[in-house]
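# take this sequence and fold it.
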Amino acid sequence: MTLDLSDGENKLSLSGEYFADEKRLTFVTAEQTTIIFSYVLEGEKLLLTYGGKTMTFIKDDEKNDPAAEAAESK
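Just a heads-up that it's a prediction; the model follows:
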């Protein structure tokens, strides 16, 4: 899984394996760095918290995803 994060000033890209339980999302990168987020699902929203900061992600409709559209047209 790859997760790209940005706060407008800083960017972070995490790639590697992930594990999820009922409260935590754990990333293990190729360099064996482990990053643990706490998370909450609220309908179509995913709230990830790390280091006291919470990020909100909203489910994107696949119909608006250019990559999904390209795959469907093949």
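# show the subsequent helix or strand relative to the helix or strand that contains S15.
Using DSSP states H and E, S15 maps to strand 11-20. As assigned by DSSP H and E, the chain's next helix or strand after strand 11-20 is strand 24-29.
# where do the helices sit along this protein?
Assigned by DSSP state H, the helices in the chain fall at 66-73.
# quick one: low-confidence ranges for it?
62-74 (pLDDT under 70).
# make it 80
Along the chain, the model assigns pLDDT under 80 to residues 5-8, 10, 12, 59-74.
# excluding its backbone neighbours, what's nearest the spatially most central residue of it?
By C-alpha atoms, centre = their mean, the chain has its centre lying nearest to L3, at 4.4 Å. What sits nearest to L3 in space, not counting adjacent residues and going by C-beta to C-beta, 6 or more residues apart in numbering, is L14, at 4.6 Å. Bear in mind the C-beta positions are built from the backbone N, C-alpha and C, glycine included.
# these two touch, right, the one you found and T26?
No - contact criterion C-beta atoms under 8 Å: L14 and T26 do not qualify, at 10.9 Å.
# coming back round to it: neighbours of the residue nearest to L3, just the number please.
L14 is flanked by 16 other residues according to other C-beta atoms under 10 Å.
# give the contact list for the residue lying closest to Y50 once chain neighbours are set aside.
Nearest residue to Y50, sequence neighbours excluded (C-beta to C-beta, 6+ apart): F37, at 4.9 Å. For F37, the contact set (C-beta atoms under 8 Å, 6 or more residues apart in numbering) comprises 24-27, 48-50.
# of those, grab the buried ones for PyMOL.
Selection of the buried residues among the contacts of F37 in PyMOL, burial being defined by 16 or more other C-beta atoms under 10 Å:
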select buried, resi 25+27+48
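# cool, thanks, signing off.
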